[in-house]
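In: What follows is a predicted protein model with its sequence.
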Amino acid sequence: MPLPYGIRITPYNGNPFLPTSPNPSVRLEPGPDGVPQCCLCGGSSTQYRTRSSNRNGNAGRYYYKCTPCGKFLGFNDRRGNLPENPECECGVSSKQQRAGADSKVPGGLHYVCRKARCDFYSPAVNGRGEQVVIEEVFCALFAKMGVV
């Protein structure tokens, strides 16, 4: 089965299931510039780290959350920050993410502000206009590649 978006896997020691890290065929943009302010209430944010038990492939990732209102602002890393992603309202390329199991479209691929400054959200859609869904079996592989 071909991978979406023309993603190529660079084999590690001849094994295509062990991609190099970071994948040399994927260039990633930087994440937030410092501690972001909340785009909803203007409050300051606090950095947290996801639990090692996280089921969505995000174990150990740092993220920002608004202190006053509790809004999740974004992850503080380069994962999913592909330069060809659509622009957010800040005028920079967005971050590609996979929705968790408890969301409206479980595994749904979508774009958010990679700088955690604006409330941009756009689902990634296929040629039929349907939201692209990444099955859980591929989640860890795509996370290691840095694309989600």
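Out: That came in fine, so what should we check first?
In: The chain: helices as residue ranges?
Out: Using DSSP state H, the helices of the chain run over 136-145.
In: where does it dip in pLDDT?
Out: Within the chain, the segments meeting pLDDT under 70 span 1-26.
In: which residue is nearest the middle of it?
Out: In the chain, the residue lying closest to the centroid (CA atoms, centre = their mean) is residue 97, at 3.1 Å.
In: separation between that one and residue 67?
Out: Distance from residue 97 to residue 67, counting by CB to CB, to the nearest Å: 22 Å. To be clear about C-beta, it is placed using only N, CA and C from the backbone, and glycine gets the same treatment.
In: The closest residue to residue 111 other than its chain neighbours: neighbour count?
Out: Excluding the flanking residues, the one nearest residue 111 by CB to CB, 6 or more residues apart in numbering is residue 94, at 4.0 Å. Burial of residue 94 is recorded as 25 neighbouring residues (other CB atoms under 10 Å).
In: just to revisit the earlier point, contacts only, for the residue nearest to the centre of the chain.
Out: Residues near residue 97 by CB atoms under 8 Å, 6 or more residues apart in numbering: 75, 80, 109, 110, 111, 112, 148.
In: residues touching the residue nearest to residue 111, list them.
Out: Residues near residue 94 by CB under 8 Å, 6+ apart: 85, 86, 87, 88, 111, 112, 113, 114, 120, 122.
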